[in-house]
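Undergrad: coordinates only, no sequence provided:
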């Protein structure tokens, strides 16, 4: 258990992929305008890899990459839902889709727009994004 954090559970639409993640009940969610995040409406919060556990469905995940191939866009082979992924900004963590969490553990969501169209500049100027995946 992690002091001050809540265990959230979630997964894809069909239930083949399930996970748990320890994070605040008050989520800081990024709304990115890069090409893929715009197409998928990929809003996400970032956690260290140590606070994420895949409970089931590893064999039901597939991955899409493009451009630098650093971001690992994982999604369910059956229903196509991306409930989490490995962001380019935080390859040592996970980006979790808050809309894929089960009800009952989220208190508030603060959404921050990030200019993914100018990714390098946005990440360089952002004061905390790289630290969000640190334990």
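TA: Looks like it arrived, so ask away. Since the structure is predicted, the reported quantities are computational estimates derived from the model, not experimental observations.
Undergrad: surely residue 76 meets residue 56?
TA: No - using Cβ atoms under 8 Å, residue 76 is not in contact with residue 56; the gap is 11.2 Å. (Each C-beta comes from the backbone N, C-alpha and C, glycine too.)
Undergrad: give me the common contacts of these two.
TA: Common neighbours of residue 76 and residue 56, using Cβ atoms under 8 Å, 6 or more residues apart in numbering, are 16-17.
Undergrad: if you count what's nearby, which of these two comes out ahead?
TA: Using other Cβ atoms under 10 Å as the criterion, residue 76 and residue 56 rank with residue 76 on top: 20 against 12.
Undergrad: identify the bridge partners of the more buried one.
TA: residue 61 (DSSP bridges).
Undergrad: for it, give me its contacts.
TA: 12-14, 16-17, 57, 60-61, 82-83.
Undergrad: which of those residues sits closest to residue 25?
TA: Residue 25 lies nearest to residue 83 out of those, by Cβ to Cβ, at 18.6 Å.
Undergrad: how many residues are close by the closest one?
TA: For residue 83, the neighbour count with other Cβ under 10 Å is 25.
Undergrad: tell me the contacts of the nearest residue to it once chain neighbours are set aside?
TA: In space, not counting the residues next to it along the chain, residue 83 is nearest to residue 100; the distance is 3.7 Å by Cβ to Cβ, 6 or more residues apart in numbering. Going by Cβ under 8 Å, 6+ apart, residue 100 touches 10-12, 81, 83-84.
Undergrad: now restrict the residues you listed to buried residues only.
TA: 10-12, 81, 83-84 (16 or more other Cβ atoms under 10 Å).
Undergrad: now intersect the contacts of residue 76 with the helices, please.
TA: Of these, none are assigned to helices by DSSP state H.
Undergrad: name the member of those residues with the most neighbours.
TA: Of these, with other Cβ under 10 Å as the count, residue 17 tops at 28 neighbours.
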